[in-house]
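Novice: pasted the sequence and its predicted model underneath.
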Amino acid sequence: MGFFDSEVVQQEAKQLFEDYQSLMQLGGEYGKFDREGKKIFIEKMEALMDRYKIFMKRFELSEDFMAQMTVQQLKTQLGQFGMTPEQMFEQMQVTLERMKSEIKE
């Protein structure tokens with residue numbers, strides 16, 4: 001069975017995408033959130049990034065050809081911006097840390 005044939009993989013991919021889309025829509029209103037709302041948003045983004053890292057690690061560790069192609073496509077796309085997947089995650093973490101520091105008392 002191929003990596004993408006797995007119902008678990010398909011469900012997690014679908015859920016990650018839906019959760020990401022929801023958070024991005026919500027993020028458009030971030031400036032209007034009160035302090036607690038901002039904290040919750042940041043926590044949800046951190047949790048999503050953790051899930052995404054785990055999902056991507058599954059791709060990297062898989063021997064499935066399509067999973068490996070997906071990893072290579074991501075690396076190529078990010079490479080066009082002079083970035084690696086690791087740097088992408090680091091940048092996301094830096095952004096979330098900056099957001100946290102902005103709401104501290």
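Specialist: It's in. Treat the numbers as computed from the prediction; the structure is a model and nothing was measured.
Novice: going forward, measure contacts between C-alpha atoms and count neighbours the same way
Specialist: Will do.
Novice: can you show me the helices along the protein?
Specialist: 7-27, 35-61, 65-79, 85-103 (DSSP state H).
Novice: output the contacting helices and strands for the first one.
Specialist: It stands for helix 7-27. Applying 3 or more Cα pairs under 8 Å, 6 or more residues apart in numbering; DSSP states H and E, we find helix 7-27 packed against helix 35-61.
Novice: now swap in the last one and tell me
Specialist: Packed against helix 85-103 by the contact rule (3+ Cα pairs under 8 Å, 6+ apart) you find helix 35-61, helix 65-79.
Novice: can you list those in TSV and add distance to residue 90 and mean neighbour count?
Specialist: Output for those, formatted as TSV (distance: least, Cα to Cα, whole Å; neighbours: other Cα atoms under 10 Å):
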stretch	distance to residue 90	mean neighbour count
helix 35-61	10	15
helix 65-79	13	14
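Novice: nearest to residue 91, of those helices?
Specialist: Relative to residue 91, the nearest member of the helices and strands packed on helix 85-103 by Cα to Cα is helix 35-61, separated by 11.3 Å.
Novice: show me what the closest one is packed up against.
Specialist: Looks like helix 35-61 contacts helix 7-27, helix 65-79, helix 85-103 (3+ Cα pairs under 8 Å, 6+ apart).
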